[in-house]
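Trainee: whatever this is, show me its structure:
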Amino acid sequence: MAHMRWHLEDMDFSRIDTARLRDRDDLFLLVCSASFIESGSSIYTRNLVDYFADDAEISEWLIDHWEPEELQHGRALKAYVQHVWPEFNWDCAYADLVAEYAKLCTADALEPTRGQEMVARCIVEMGTTTYYQALNAVCDEPVLRDLTWRIRTDEVQHYKHFYHYFLQYQQQENLHRLQVIAVLWHRVAELRQSDADIALRHAVAWRFRDSKQPPTFDAMSKQVYALIRPEYPMQLAVRMALKPLQLNASLQRRAERPLAAIARLLLLNERFNIGSSR
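Mentor: Just a heads-up that it's a prediction; the model follows:
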């Protein structure tokens, strides 16, 4: 196993200020749904490993670095949920999610070429990087802030690796900019209807499972959205999304701000979702 930047044992969950969080349904849903997505990493890693089976460098990195770090994110977030909300039946909620999610997470969801799949991976890592940065900004509990920034740092490194592999396959496949744009458009559009929606739905269902008058999924997703939208780093998201287009540096800088404004209207008009993992 390769060296990891941090370990679950580095986290001292006994330091969590639970009083700040016990009644915060919005933060619970953000942390819990993220724990579900990260814990499901092994499901979609298999598809990627099979897709890149004859590329030793990539398949070894996926197995030895990417998957272990993603699963560690899931374990850490699960531990946090169980420490602050011990009454929540995380295992049963996750089992329900996997039963639905595994049917959607198939090799058919991968892009038609390896270079295009690396573009898709960049968008996924953009989504997770910006999600954890936003979550870090809206929470004031020190242990959660520490954890979300550690995960955010990992996701940035994952993005860099996928971008590096994209450049390799771009040359091999002679990918044109229009092909890259097609993947970007497809994947960015999915951020509004991603598998994260499934995770959030199961988190809501199990959080209010025993309530006499449980809130609706739409009501809770709006509450979560209202919390995180002001802190979502849209300009960073646009910068990371545009990078595979390899635009002139001056052109990209001029494009970032107006595109970020448009993207905020289009992508965050209804609700916020963590990026799809598939």
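Trainee: where in the stretch 1-150 of the chain is pLDDT low?
Mentor: Scanning the stretch 1-150 of the chain for pLDDT under 70 picks out 1-2.
Trainee: please, which helix or strand holds residue 128?
Mentor: Assigned by DSSP states H and E, residue 128 belongs to helix 114-138.
Trainee: buried set for that helix?
Mentor: Neighbour-count burial for helix 114-138 flags 114-136, 138 (criterion: 16 or more other C-beta atoms under 10 Å). C-beta here means a position set from N, CA and C on the backbone, and glycine is covered the same way.
Trainee: what is that helix packed up against?
Mentor: Packed against helix 114-138 by the contact rule (3 or more C-beta pairs under 8 Å, 6 or more residues apart in numbering; DSSP states H and E) you find helix 25-39, helix 41-51, helix 142-173, helix 177-190, helix 217-228, helix 234-242.
Trainee: and if we set it to 10 Å?
Mentor: The helices and strands touching helix 114-138, judged by 3 or more C-beta pairs under 10 Å, 6 or more residues apart in numbering; DSSP states H and E, are helix 25-39, helix 41-51, helix 67-84, helix 142-173, helix 177-190, helix 195-207, helix 217-228, helix 234-242.
Trainee: now mean neighbour count and distance to residue 90 too, for the ones you listed, in CSV please.
Mentor: Listed next are these as CSV, based on neighbours: other C-beta atoms under 10 Å; distance: least, C-beta to C-beta, whole Å:
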stretch, mean neighbour count, distance to residue 90
helix 25-39, 23, 7
helix 41-51, 17, 16
helix 67-84, 20, 6
helix 142-173, 18, 16
helix 177-190, 16, 26
helix 195-207, 22, 8
helix 217-228, 17, 18
helix 234-242, 20, 29
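Trainee: which one of the ones you listed lies nearest to residue 263?
Mentor: Ranking those by proximity to residue 263 (C-beta to C-beta) places helix 234-242 first, at 5.8 Å.
Trainee: tilt between that closest one and helix 177-190?
Mentor: Computed by axes from the mean of the first three to the mean of the last three C-alpha atoms, to 10 degrees, the angle separating helix 234-242 from helix 177-190 equals 140 degrees.
Trainee: other residues contacting helix 234-242?
Mentor: 119, 122-123, 125-127, 129-131, 133-134, 156, 159, 163, 184, 187-188, 191, 233, 251-253, 255-265, 267-268, 275 (C-beta atoms under 10 Å, 6 or more residues apart in numbering).
Trainee: same question, stretch 207-215
Mentor: Residues outside stretch 207-215 that contact it (C-beta under 10 Å, 6+ apart) are 25, 28-29, 32, 85, 87-89, 92-93, 204-205, 216-217, 220-223.
Trainee: could you redo the last one with a cut-off of 8 Å?
Mentor: Stretch 207-215 is contacted from outside by 25, 28-29, 32, 88-89, 204, using C-beta atoms under 8 Å, 6 or more residues apart in numbering.
Trainee: please apply the same query to stretch 118-132.
Mentor: 34, 110-111, 148-149, 151-152, 155-156, 158-159, 162-163, 165-166, 169, 180, 183-184, 186-188, 191, 194, 232-234, 236-237, 240-241, 243-244, 273-277.
Trainee: tell me, how many residues neighbour residue 104?
Mentor: 14 (other C-beta atoms under 10 Å).
Trainee: got phi/psi on it?
Mentor: Reported as degrees, to the nearest 10, the phi and psi values for residue 104 are phi -90, psi -20.
Trainee: just give the closest residue to it, not the sequence neighbours.
Mentor: Leaving aside its sequence neighbours, residue 104 sits nearest to residue 195 (C-beta to C-beta, 6 or more residues apart in numbering; 6.3 Å).
Trainee: ok, residue 43 next?
Mentor: residue 105 (5.0 Å).
Trainee: so how far is residue 198 from that neighbour?
Mentor: 10 Å (C-beta to C-beta, to the nearest Å).
Trainee: what do you get for residue 186?
Mentor: Distance, residue 186 to residue 198, by C-beta to C-beta: 19 Å.
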